[in-house]
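what's the 3D shape of this:
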Amino acid sequence: MVKNYIRDTIITGFEVTRMTNNKVPMLLLSNPGIAKTTIVGEIAAHEGYEVVSLIGSGFENNEILGFQVNEPDWDYLITKNPTWFNTILENKKNNKPSILFIDEISVCPSLVQGALYRLIFERTIGNGRKLPDDCVIISAGNYKSNLPSYCDITAPALNRFCIINLESPDFHSFLDEFSQNEEERMADWPEFNHDANRLGPNIWNNATKEVKTMMEEVFECYSDSRDNSKGYLDIRNKDFAACFEGTYSRHGQVYNFISGRTYYYLQQSVAACALLNVPLNGAKNPFIDRMVEGLIGAGTATFNDANQCEAFIKSVTEKVRQMLKRLKSGEAPVTGGENIFDGATEIADKVDRLSLYLDGTRTNVMDTRRALGEIYTQAMDAYDKDPHQFLDANLGENVPEDKRKINYAKFVADISALETLVKICDTLPQNSEVEVAKNGLTKIVQNYSFYAEVNA
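The predicted structure is shown next:
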């Protein structure tokens with residue numbers, strides 16, 4: 001188990017923001033007393049940065065963006081640089097990059113939050129002057145349950161960040177991490193690869209393709225037209241108001257929801273993690289888990305309960321790890337698009353086509369999963385119902401004999417094909433989608449196999 005769980009998570013977040021040229025802003029959320037400020041100072045000392053702090057509860061909006069004043073010979077107000085901004089410019093002049101640490105963002109009045117958001121996301125102050133490109137912004141706050149009831153961060157504001165939930169996994173890790181002195185904490189600093197060209201110039205495009213393919217799989221797996229026992233995604237949902245309340249997690253962590261912005265952040269973050277060679281083992285470095293939670297962990301905020309949400313996060317995190325393995329090894333991106341079924345419409349015909357495809361040399365995980373999902377959906381639509389009602393409607397005495405024979409032949413072929421498909425599921429790389437399909441298909445076979453063996 002990693003000893004500095006919280007520290008290493010924050011350090012990796014800093015490195016990802018830096019590797020993406022500040023395109024992915026981090027928001028550290030925790031209970032009070034988790035040493036966020038101390039760790040940011042340690043990062044600065046280790047990496048040769050100067051820390052400039054803005055404590056949200058202690059500033060007015062004009063202290064953040066600059067004061068407007070009258071100047072002789074000007075017929076309009078001039079916005080003067082705030083003191084902290086001049087400090088960053090002075091650091092730059094002395095060849096010292098800055099970390100702008102924005103703390104207590106969750107307790108700011110809305111007017112101050114608005115000023116901070118402009119600074120964080122536009123990287124400008126009131127007169128339009130920009131922060132130096134090498135200035136890294138890190139934001140921090142506490143959970144809503146730690147704060148007075150009037151404190152809040154709105155869903156649109158949260159969605160502009162990669163949220164990083166900070167907490168020890170157990171009390172042993174907590175005690176180990178906070179029993180160290182400064183020298184011990186600095187001794188085992190995590191190592192990263194800072195060669196931005198290590199994986200070649202196409203790494204950013206490859207990451208974009210990989211993330212797109214993964215998200216297509218995710219949306220197909222969690223389509224509202226499938227088995228909804230695991231929850232579903234609905235990109236049309238507009239109710240995200242409860243995000244900051246920790247509604248979608250079992251222990252009050254704040255998860256982000258899928259949007260165009262967080263989808264883009266995920267592309268950038270995945271590429272950065274591959275370039276930095278961030279460990280894939282969560283026990284060695286937990287950042288990947290926190291990143292998935294903090295970008296798309298709440299899905300589209302349409303899960304029925306926290307258990308569904310946690311299962312979704314587990315599934316997506318495993319997909320991200322597999323993706324990073326491919327990116328780190330230099331493999332070509334996994335994409336899909338081949339029509340395996342080539343016009344086949346019946347379940348038995350589709351299973352035959354899938355079997356032939358898997359026996360070939362051009363198999364693709366994306367096309368395989370898409371095909372499995374299509375057959376699974378068709379089978380559930382046809383057979384996920386009371387067997388007696390199905391048999392009565394399709395093979396009962398009220399069905400004309402010619403029609404009944406046709407129905408029976410199709411029924412027997414379908415059940416036999418689904419038995420084959422269950423076996424195929426055992427040969428595929430295992431994930432939550434394959435598991436759900438196998439369980440649903442097995443249930444159908446168990447319910448109907450006896451009736452498929454008798455004559456109509």
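
Show me the shaky parts of the stretch 251-400 of the chain.
When residues are selected by pLDDT under 70, those of the stretch 251-400 of the chain lie in 332, 334-337, 361-362.

what's the answer for the stretch 1-150 of the chain, then?
1-2, 67-79.

So which residue is smack in the middle of this structure?
For the chain, Val292 is the residue whose C-alpha lies nearest the centre (CA atoms, centre = their mean; 3.1 Å).

how far away is it from Gly231?
According to CB to CB, to the nearest Å, Val292 stands 16 Å off from Gly231. The C-beta positions use only the backbone N, C-alpha and C, and glycine is treated the same way.

likewise Glu184?
Distance from Glu184 to Gly231, by CB to CB: 43 Å.

Please apply the same query to Tyr357.
Distance, Tyr357 to Gly231, using CB to CB: 30 Å.

and if you look at Arg7?
According to CB to CB, Arg7 stands 34 Å off from Gly231.

In terms of neighbours, single out the busier of those two.
Neighbours per residue (other CB atoms under 10 Å) separate Arg7 from Gly231, with Arg7 holding more: 25 against 19.

Identify the residue spatially nearest to the more buried one, adjacent ones excluded.
Spatially, and ignoring its direct neighbours in sequence, Arg7 is nearest to Ile39 (5.1 Å; CB to CB, 6 or more residues apart in numbering).

before we move on, what about Asn277?
When the adjacent residues along the chain are set aside, Asn277 lies closest to Asn193, with 4.4 Å between them (CB to CB, 6+ apart).

Which secondary structure elements does the one helix or strand Ile10 maps to sit against?
Per DSSP states H and E, Ile10 falls inside helix 5-19. Counting contacts by 3 or more CB pairs under 8 Å, 6 or more residues apart in numbering; DSSP states H and E, helix 5-19 packs against strand 26-30, helix 36-47, strand 136-142, strand 162-165, helix 171-177, helix 260-276, helix 287-296.

how about a markdown table for these, with distance to Thr302 added?
Output for those, formatted as a markdown table (distance: least, CB to CB, whole Å):
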| stretch | distance to Thr302 |
| --- | --- |
| strand 26-30 | 22 |
| helix 36-47 | 32 |
| strand 136-142 | 26 |
| strand 162-165 | 19 |
| helix 171-177 | 33 |
| helix 260-276 | 15 |
| helix 287-296 | 13 |
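
Out of these, which is closest to Met215?
Of all the helices and strands packed on helix 5-19, it is helix 260-276 that lies closest to Met215, at 6.7 Å by CB to CB.

tell me what the closest one is packed against?
helix 5-19, strand 162-165, helix 203-221, helix 287-296, helix 306-329.

show me what contacts Ala272?
Each residue near Ala272 by CB atoms under 8 Å, 6 or more residues apart in numbering is listed here: Glu15, Val16, Met19, Thr20, Val24.
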